[in-house]
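Novice: No letters, just coordinates:
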């Protein structure tokens with residue numbers, strides 16, 4: 001796939017996720033299940049986290065999120081907004097920009 005097609009497609013998906021969370025978003029609590037220092041070669045290293053949350057009796061995971069202030073660690077409770085329509089679509093509220 002061309003870079004010229006990839007960037008607009010990525011922006012479209014981000015916009016679509018944002019709209020879906022706005023329309024179908026539900027709040028729940030989750031737990032940081034992974035927290036680590038992500039080492040980058042040519043840029044500053046960054047603290048990263050991933051959280052897990054339950055919808056019904058099914059467990060879901062957020063995508064990896066940067067936590068540059070290093071405020072969250074494994075086991076911390078956080079707030080998650082997820083889509084009722086697509087529960088695997090989610091954001092960590094405290095890290096939303």
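Specialist: Sure, I can see it. Fair warning: this is a prediction, and the values are worked out from it, not measured in the lab.

Novice: what packs against the longest strand along the chain?
Specialist: If you go by DSSP state E, the chain has its longest strand at strand 25-38. Packing partners of strand 25-38 (3 or more C-beta pairs under 8 Å, 6 or more residues apart in numbering; DSSP states H and E): strand 46-55, strand 77-83. For the C-beta atoms, the positions are set from N, CA and C on the backbone; glycine is no exception.

Novice: Tell me where the model's unsure across the chain.
Specialist: 1-15 (pLDDT under 70).

Novice: now for the helices and strands packed on strand 25-38, which one comes closest to residue 71?
Specialist: strand 46-55 (8.6 Å; C-beta to C-beta).

Novice: So which elements touch the closest one?
Specialist: Against strand 46-55 (3+ C-beta pairs under 8 Å, 6+ apart) you get strand 25-38, strand 58-61, strand 65-66, strand 77-83, strand 90-92.

Novice: contacting residues for the residue nearest to residue 30 when sequence neighbours are not counted?
Specialist: Nearest non-adjacent residue to residue 30, counting by C-beta to C-beta, 6 or more residues apart in numbering: residue 53, 3.5 Å away. By C-beta atoms under 8 Å, 6 or more residues apart in numbering, the contact set of residue 53 is 28, 29, 30, 31, 59, 60, 61, 62, 80, 82, 90.
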